[in-house]
Each structure stands twice: as C-alpha cells, then as structure tokens.
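# Got a predicted model here, sequence first, then my questions.
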Amino acid sequence: MARILGILKVIDTSIEKASTWILVVSVFSMLFFSVLTIVLRWMGTGLSFVEPLVRHLVFLCTFLGGVIATGRGTHIGIDIVGKYLESRGYFFLCACAKRGIMLASFFTLVWLIYASCLFVKVELEFGRDVFFGISSGQLVGIIPFGFGLIAFRFFYIFANSFSAGTGHIVGNDIPKIKEL
C-alpha cells in the first residue's frame with residue numbers, strides 16, 4: 001500500500017508542478033495577447049485568432065486553478081459540520097466527515113467527467129473550426145481533462161488521509177488526543 005501511495009504522490013506532485021507552470025505561462029500569454037490586441041486596434045488592425053485563444057486560455061486557467069486549489073485544500077467549501085466537530089473536540093468524526101467529503105467530491109467529478117466527455121463528443125461531431133484549424137470539440141476537451149486532474153487530486157488526498165503518520169486531511173492538523 002505504501003508503494004502505491006508513493007506512486008500516487010509522485011503523480012500528484014507532477015500534476016501540481018505542471019499545473020503551476022502551465023498556469024503561469026497561460027496567464028502571461030493572456031496578458032501578452034490582450035495588450036497586443038489593444039495596440040493593434042490603435043493601429044487599425046487586429047488578429048482574428050486572439051480573442052478565441054484568450055477565451056480558451058481563461059477556461060484553461062480556471063481548471064488549473066481548481067487543480068492547484070484542490071491540492072492545497074483552499075478550494076471553495078463550506079465546512080460547517082467539520083468546524084462544529086472540531087470545536088467540540090470530536091477530531092475522529094471530523095476526519096471521517098472530511099474523508100466523506102473527499103470521496104463524494106471524487107464521485108461527483110467522475111460523473112462530471114462522463115457528462116463532459118459526452119459534450120466533447122457532440123462538439124467534435126457538430127463543432128466548427130475556431131482558429132488555426134483547431135475545432136471547438138478539441139478545445140472543450142479542456143473540460144474532462146480538468147475535471148480528471150481535480151478528481152485525481154481528491155482521490156489522492158482521500159487515500160493519503162489513511163496513511164500512517166500523516167495526521168492530516170487537506171492540510172488541517174488533527175490532534176491524536178483531545179486536549180482538556
């Protein structure tokens with residue numbers, strides 16, 4: 001089991017690094033092309049591919065931000081039950097609740113991956129070329145890919161929460177003994 005978690009950790013770390021670098025490159029590309037569009041408009045010209053490219057880069061950045069936030073445990077979440085259990089000193093129940101949330105999130109994302117794959121299939125069949133001969137179906141492939149990365153990270157966090165010595169779930173310390 002430790003070997004499998006080691007492999008999952010390497011994959012998770014690689015996803016984190018790749019997502020960070022692609023996010024940085026995408027943001028700087030968006031800035032460059034947006035400024036380029038403004039400058040070219042002053043000159044009375046423009047490039048037709050820039051606006052759809054920037055729009056899809058924003059879409060990509062959204063998913064990459066979700067991937068990074070999931071790994072860091074800073075994604076949007078309302079954890080009323082977890083906060084209540086922690087304040088009462090029920091740390092084991094809090095850990096179980098967080099594990100349940102991770103598992104529910106994973107299965108929800110698996111369903112979203114399936115639905116988005118159906119959407120991509122329809123776009124590939126009926127979509128049009130957006131720029132440089134790239135069809136809209138290929139560009140919306142960002143959706144299942146992004147959901148897949150986020151689902152993997154949720155699964156890894158869930159699996160890693162059971163490993164000995166971690167003592168945490170999503171970056172929150174869970175004390176072993178309730179202090180009086």
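Noted; the coordinates are in hand.
# okay, CA-based contacts and neighbour counts for the rest of this
Will do.
# burial measure for Val24, as a count.
Other residues near Val24 come to 14 when the count uses other Cα atoms under 10 Å.
# Please state the offset of stretch 43-58 from the chain centre?
Its chain's C-alpha centre and that of stretch 43-58 lie 25 Å apart, by Cα atoms, centre = their mean, to the nearest Å.
# who touches that stretch?
Stretch 43-58 is touched from outside by 26-27, 30, 33-34, 37, 40, 130-132, 139, with contacts defined as Cα atoms under 8 Å, 6 or more residues apart in numbering.
# Repeat the analysis, applying 6 Å as the threshold.
Contacts with stretch 43-58, where a contact means Cα atoms under 6 Å, 6 or more residues apart in numbering, come from 30, 40, 131.
# Now intersect the residues you listed with the helices, please.
In this view, the contacts of stretch 43-58 that belong to helices under DSSP state H are 30, 40.
# now the helices for this protein?
Using DSSP H, helices in the chain cover 2-42, 50-72, 80-88, 91-126, 136-139, 142-160.
# from these, which stretch is densest packed?
helix 142-160 (a mean of 22; mean count of other Cα atoms under 10 Å).
# Other residues contacting that helix?
Applying Cα under 6 Å, 6+ apart, the contact partners of helix 142-160 are 63, 67, 99, 102, 106, 109, 113, 116.
# In contact with the residue positioned nearest the centre of the chain, which residues are there?
With distances taken as Cα atoms, centre = their mean, Val67 lies nearest the centre of the chain, 2.3 Å away. By Cα under 6 Å, 6+ apart, Val67 lies in contact with Ile150.
# Can you pull out the low-pLDDT segments for the protein?
Applying pLDDT under 70 to the chain flags the ranges 75-79, 164-180.
# can you do 80?
Applying pLDDT under 80 to the chain picks out residues 1, 73-83, 163-180.
# among the contacts of helix 142-160, which two are most distant?
Based on Cα to Cα, the longest span within those runs between Arg99 and Ser116 and measures 25.4 Å.
# Need the contacts of helix 142-160 in a markdown table (columns: distance to Phe147).
Formatted as a markdown table, the entries for the contacts of helix 142-160 read as follows, by distance: Cα to Cα, whole Å:
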| residue | distance to Phe147 |
| --- | --- |
| Phe63 | 7 |
| Val67 | 8 |
| Arg99 | 19 |
| Met102 | 14 |
| Phe106 | 10 |
| Leu109 | 6 |
| Ile113 | 6 |
| Ser116 | 9 |
